[in-house]
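[1] Predicted coordinates and the sequence they were generated for:
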Amino acid sequence: MKVLFVYTNVEKSIQEPLGLAYLSGMLKHHGIETFLWDNTFETKEDLKLKLEEINPDFVAFSCLSSDYDYMSELAQFVKSIKNVPIIVGGHHVTFKPEDVIANPFIDVIIRGEGEETLLDYVQNQDVKTLGTWVKRDNVVYMNPMRQLPDVNKLPWPDHSMFEKHFEKKVVWVKDAPVEKYGIFITSRGCPFNCFYCSNKRMQDLYHGQKFTRYRDIQDVMNELKFFIKKYNFSHVYFQDETLTTNKERIYEFCEIYKKEIGLPWHAEARVDTVDYDLLKTMADAGCEVLMMGIESGSERIRKELLGRHMSDEMIINAFQDARKVGIKASSFNICGIPTETKEDILKTIELNKKCNPAMGKMTIFNVLPGTPLEDYCNKNGYYIRRKFPTNYYVDSNIKHETFTLKELMEFRKMFVEAMGGYSGATKEGEF
């Protein structure tokens, strides 16, 4: 059995797509051969050659909203060369299943976390496979969601598929390029319900199952040791949605990591999940960069539109405490949020100045499927473009009631200048 994965990567991101690596790892663990076509480095002619040479039994895509149109184009291209079943998964598919399964070039969609579902379908091709919608003989079989997987029973990801990505530099903070970094996770799921995120809807799809799940710390250490030795990584990036949701666990994690690994590392956190003592412990264990969302400098916008209830003081304290212990904290921000005014955006710039992040990043607001803000925009008559932008730094899929896109880009330019003229772009891609 052979599966060819297609990594669309419209943004040309230099990051390894850990989700695809986990899917490949699961299939390989069960004796299924996997292959990759990577849009980061390869052409459509390369895809044609791989289809002819590998002769896969399935072609599998993972699809972001920003990649959907290109994924559809590639699916049609694949079908023009070989009549092979096409399987598509990912967040966009999970929340827009009717749209995706209606695509004439797509045969199967996978909703939610896909490792066990993909394996089950590839092995059995059953139209009633849990977690799938299957289109066969013009009939669509809409199956229930599968139970969430036990994260401690999943095979390690197949990093070998993405070795070329390890050769690229990434810049988390200005003038501090990092080479040979590995991406890992210690947990899955996020307990918070930000309105611009699909977490709440994803939790609802799983009907009350425990959504935030933590891996065994020693298994994480064993994985780190194995891949650090194999690929000679110099840095580690923990890609957990929010690494610091469980303080007691992070204290234990840092103690073990410091003893057994010791490499510098980076992660993402929320300002309301950290304090000075925790940040000091993380810094002592090698944490160099922590990425935290400010999102908006307006408490009204944060509370009413984003579902984030932290105060300005809490945000400022988190960034100041990080700086005190030697962690470079970078900020995430959004402009063009519905109902946002010029004063609100200027507050975002001013709050970032007070926080003085090592790097500040600002995207233009986009409505994503499965989010409370999608419901809000539909209810309140916002025009939502069907086509998703491929780069959220320069485009939006909604028409703001006050600002043109050009005006929002001017605000973003003001933000970048306030942050020292640096927004996180590298010559080799946008992190």
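    Yep, that arrived.
[2] switch to C-alpha atoms for all contacts and neighbour counts from now on
    Will do.
[3] so what are the domain limits for the protein?
    The chain breaks down by automatic domain parsing into domains covering 2-142, 168-430.
[4] As JSON lines, those domains with mean neighbour count and mean pLDDT would be great.
    Listed next are the domains of the chain as JSON lines, based on neighbours: other C-alpha atoms under 10 Å; pLDDT from 0 to 100:
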{"stretch": "domain 2-142", "mean neighbour count": "18", "mean pLDDT": "97"}
{"stretch": "domain 168-430", "mean neighbour count": "18", "mean pLDDT": "92"}
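[5] what residues are up against residue 108?
    85-88, 101, 132-135 (C-alpha atoms under 8 Å, 6 or more residues apart in numbering).
[6] From those residues, which land in strands?
    86-88, 132-135 (DSSP state E).
[7] Format these as a markdown table; extra columns: distance to residue 65.
    A markdown table is the format used below for the ones in strands among the contacts of residue 108 (distance: C-alpha to C-alpha, whole Å):
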| residue | distance to residue 65 |
| --- | --- |
| 86 | 18 |
| 87 | 16 |
| 88 | 12 |
| 132 | 19 |
| 133 | 18 |
| 134 | 20 |
| 135 | 21 |
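[8] ok, of these, which one's closest to residue 186?
    Residue 186 has its nearest neighbour among those in residue 88, at 25.5 Å by C-alpha to C-alpha.
[9] how about the closest one, what does it touch?
    Taking C-alpha under 8 Å, 6+ apart as the definition, contacts of residue 88 comprise 60-63, 106, 108-110.
[10] Could you export those residues as CSV, including distance to residue 209?
    Output for those, formatted as CSV (distance: C-alpha to C-alpha, whole Å):
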residue, distance to residue 209
60, 27
61, 26
62, 24
63, 24
106, 29
108, 25
109, 22
110, 18
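[11] hang on, isn't residue 152 packed against residue 217?
    No - counting by C-alpha atoms under 8 Å, residue 152 does not reach residue 217; the two are 9.9 Å apart.
[12] closest to residue 157 out of the domains of the chain?
    Comparing those under C-alpha to C-alpha, the one sitting nearest is domain 2-142, at 4.0 Å.
[13] Pull up the distance across that closest one, start to finish.
    Distance between the boundary residues of domain 2-142 (C-alpha to C-alpha, to the nearest Å) amounts to 25 Å.
[14] And that domain, how far out from the chain middle?
    Per C-alpha atoms, centre = their mean, to the nearest Å, the displacement of domain 2-142 from the mean C-alpha position of its chain is 17 Å.
[15] Likewise for stretch 189-204?
    Distance, stretch centre to chain centre, for stretch 189-204: 13 Å (C-alpha atoms, centre = their mean).
[16] Give me the contact list for it.
    In contact with stretch 189-204 (C-alpha under 8 Å, 6+ apart) are residues 112, 209, 211-213, 240-242, 245, 305-308, 367-374.
[17] Quote the end-to-end distance of that stretch.
    13 Å.
[18] closest one to residue 159 among the domains of the chain?
    domain 2-142 (5.8 Å).
[19] how close does residue 69 get to residue 395?
    When distance is defined by C-alpha to C-alpha, residue 69 is 16 Å away from residue 395.
[20] do the same with residue 353
    25 Å.
[21] Next: residue 287.
    In this view, residue 287 and residue 395 are 33 Å apart by C-alpha to C-alpha.
[22] tell me how far the ends of stretch 137-154 are from each other?
    Termini of stretch 137-154 sit 33 Å apart (C-alpha to C-alpha).
[23] contact partners of that stretch?
    Taking C-alpha under 8 Å, 6+ apart as the rule, stretch 137-154 contacts 26, 101, 111-113, 116-117, 127-135, 187-188, 205-206, 209, 211, 213-216.
[24] Filter those down to the ones in helices?
    The helices in this structure, assigned by DSSP state H, contain 26, 101, 116-117, 205 from the contacts of stretch 137-154.
[25] what's the farthest-apart pair in those?
    26 and 101 (24.2 Å).
[26] Contacts only, for the closest residue to residue 63 other than its chain neighbours.
    In space, and not counting its chain neighbours, residue 63 is closest to residue 90: 5.0 Å by C-alpha to C-alpha, 6 or more residues apart in numbering. Residues near residue 90 by C-alpha under 8 Å, 6+ apart: 62-64, 110-112.
[27] could those residues be laid out in a markdown table, adding distance to residue 279?
    Below are the contacts of residue 90 laid out as a markdown table (distance: C-alpha to C-alpha, whole Å):
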| residue | distance to residue 279 |
| --- | --- |
| 62 | 35 |
| 63 | 35 |
| 64 | 33 |
| 110 | 38 |
| 111 | 36 |
| 112 | 33 |
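[28] Could I get the contacting residues of residue 1?
    32-33, 56-57.
[29] ugh, wrong one, residue 389
    Each residue near residue 389 by C-alpha under 8 Å, 6+ apart is listed here: 66, 395-397.
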